[in-house]
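Trainee: From the sequence below, what's the structure:
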Amino acid sequence: MPGTTGQRTASAQAALRDWLTTEIAQLLGTAPEDIDRTAPFGEYGLESISGLTLAAAIEDHLGIEVDPTVVWDHPSIDALAAHLTEAQAATS
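Mentor: Predicted coordinates:
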């Protein structure tokens, strides 16, 4: 079926963006609706320890190994979700 893979990828990426938004909101002690998915993590004051915590949560959630620097290499929810969706597809 044409478009099925793309639709699954888009759906997976949207679900991952939602999950990341919730995780980051919890780390920062704020509501998910207060998080801008396009804003750099630095604008929220996400620190090194929070980045490591998020990387570990991503590993647990997706079941894939991620480098702890992934949060800084892809410094927004949208960028990180796109990267992780690609990484997860590559391991499937």
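
Trainee: any weak-confidence spans in the protein?
Mentor: Residues of the chain that meet the criterion pLDDT under 70 lie in 1-6, 92.

Trainee: Helices along that one, start to end?
Mentor: Along the chain, counting by DSSP state H, helices occupy 4-28, 48-62, 70-73, 77-91.

Trainee: Enumerate the positions of the longest one that are buried.
Mentor: Just to be clear, that refers to helix 4-28. 12-13, 16-17, 19-21, 23-25, 27 (16 or more other Cβ atoms under 10 Å). For the C-beta atoms, the positions are set from N, CA and C on the backbone; glycine is no exception.

Trainee: Among these, find me the one that's closest to A82.
Mentor: A82 has its nearest neighbour among these in Q13, at 6.3 Å by Cβ to Cβ.

Trainee: Please name the nearest non-neighbouring residue to the closest one.
Mentor: T85 (4.3 Å; Cβ to Cβ, 6 or more residues apart in numbering).

Trainee: What is the burial count for the one you found?
Mentor: For T85, the count of nearby residues is 21 (other Cβ atoms under 10 Å).

Trainee: Is it in contact with L16, as I believe?
Mentor: Yes. T85 lies in contact with L16 (Cβ atoms under 8 Å); the separation is 6.0 Å.

Trainee: how near is the closest residue to A89 other than its chain neighbours to A81?
Mentor: In space, and not counting its chain neighbours, A89 is closest to T9: 6.7 Å by Cβ to Cβ, 6+ apart. To A81, T9 is 11 Å away according to Cβ to Cβ, to the nearest Å.

Trainee: What of Q13?
Mentor: Taking Cβ to Cβ, one finds Q13 at 5 Å from A81.

Trainee: Equivalent analysis for A87, please.
Mentor: A87 is 11 Å from A81, by Cβ to Cβ.

Trainee: OK, contacts around G51?
Mentor: For G51, the contact set (Cβ atoms under 8 Å, 6 or more residues apart in numbering) comprises 41, 68, 71-72.

Trainee: Apply 6 Å and report the result again.
Mentor: G51 is in contact with V71, counting by Cβ atoms under 6 Å, 6 or more residues apart in numbering.
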